[in-house]
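Peer 1: Following is a predicted model, sequence given first.
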Amino acid sequence: GAGVSQSPRYKVAKRGQDVALRCDPISGHVSLFWYQQALGQGPEFLTYFQNEAQLDKSGLPSDRFFAERPEGSVSTLKIQRTQQEDSAVYLCASSPTSGGLWETQYFGPGTRLLVL
Amino acid sequence: GENVEQHPSTLSVQEGDSAVIKCTYSDSASNYFPWYKQELGKRPQLIIDIRSNVGEKKDQRIAVTLNKTAKHFSLHITETQPEDSAVYFCAAPIGGGFKTIFGAGTRLFVKA
C-alpha cells in the first residue's frame, strides 16, 4: 500500500514568509509525529497527534510553529514568519495505533525547507 | 536532561568486517528501542527494534542487544557490504509523554 507522503518535497521561502507543510499518513494510522532534522543531525521531535488530538507539542521551538490534524488523517505543519534557523528537513511519521511510541514509526520523505 | 547518546559519530570498516554502534539513554522507563537507517536524501527506515523484555534480537546480518541495567543498547552489523553505507540512528521514547529522542547518528562507510 501507499506509504507516508509529504508535500511539497522542497520549499524555498523568503525570511518572514509563512509556509505550510502537508503530511498524508498511511491510511488508518492513529499516531502521527512531526520531526525537524537539521543537516547532519538526528530527527528532533516537534509534536504528536493521536487521531485529531494534539497530545504533545513540547518540541515546537516557538509560537511561530503550529500543527493541526483536524480530521485525524492529513496533518499540516505551519511556520509563520520564517527565519533562517527554520531551514531544515521536516519529517512526518505515522504508526498504526495509539501506542505510537512503542511501535514502528513509518517516515515520509520529508520536506526540505530553505529560508533565504 | 533526557537524552540519547550515540557513538561513534563516524565508522569506517572494510567490506566483510563487523560494525558496532552504541547508544545510551537516560530514561529508565523507556522500553522500546528502534534503529533506523537513512541514506543520503532519503527517509529514515526501521531496520530492527527491540523491546525491554528481551536482551537480544537478530535479523540475518543485523542484531541489537539491550542492557537495561546499564541503559545502553547496541547495533551489530556482520559481514558488512557497501550498500550498508548510510547514517544509522538509534532512538528511545523519553519522559513518559509522547516524545521519541533520536541519537545524533553514526555515518557508516563500508569500503569495498
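Peer 2: Ah, there it is.
Peer 1: Counting neighbours, what do you get for the residue in chain B that chain A sits nearest to?
Peer 2: Chain A sits closest to B:Phe102 of chain B, with a gap of 3.5 Å, by CB to the nearest CB. The C-beta positions use only the backbone N, C-alpha and C, and glycine is treated the same way. Burial of B:Phe102 is recorded as 22 neighbouring residues (other CB atoms under 10 Å in any protein chain shown).
Peer 1: three-state assignment of the most centrally placed residue in chain A?
Peer 2: Nearest to the mean C-alpha position of chain A, by CA atoms, centre = their mean, lies A:Trp34 at 3.2 Å. Here A:Trp34 takes the strand state, with states given by DSSP: H, G, I helix; E, B strand; the rest coil.
Peer 1: Same question for A:Glu85.
Peer 2: helix.
Peer 1: re earlier: once you drop chain neighbours, what's closest to the residue of chain B closest to chain A?
Peer 2: Distances taken as CB to CB, 6 or more residues apart in numbering or on different chains put A:Gly42 closest to B:Phe102, at 3.5 Å, once the chain neighbours are dropped.
Peer 1: ok, that neighbour - contacts?
Peer 2: B:Gln6, B:Phe89, B:Ala91, B:Phe102, B:Gly103, B:Ala104, B:Gly105 (CB atoms under 8 Å, 6 or more residues apart in numbering or on different chains).
Peer 1: Report the secondary structure state of it.
Peer 2: Going by three-state DSSP: A:Gly42 is coil.
Peer 1: What's the per-residue pLDDT of the closest residue to A:Pro109 other than its chain neighbours here?
Peer 2: With sequence-adjacent residues excluded and distances taken as CB to CB, 6+ apart, A:Pro109 is closest to B:Arg43, at 5.0 Å. On pLDDT, B:Arg43 comes in at 94.
Peer 1: Remind me which helix or strand B:Arg43 belongs to.
Peer 2: Assigned by DSSP states H and E, B:Arg43 falls within no helix or strand.
Peer 1: Surely it touches A:Arg112?
Peer 2: No. Using CB atoms under 8 Å, B:Arg43 is not in contact with A:Arg112; the gap is 11.9 Å.
Peer 1: Tell me what the residue nearest to the centre of chain A is bridged to.
Peer 2: Beta-bridge pairing of A:Trp34, defined through DSSP bridges, involves A:Thr47, A:Cys92.
Peer 1: again with A:Asp24
Peer 2: A:Ser5.
Peer 1: Could you give the number of residues near it?
Peer 2: By the measure other CB under 10 Å, the count of residues near A:Asp24 is 17.
Peer 1: In contact with it: list those residues for me.
Peer 2: Counted by CB under 8 Å, 6+ apart, A:Asp24 has contacts A:Val4, A:Ser5, A:Gln6, A:Ser7, A:Ser73, A:Val74, A:Gly108.
Peer 1: top of those residues by neighbour count?
Peer 2: A:Gly108 (24 neighbours).
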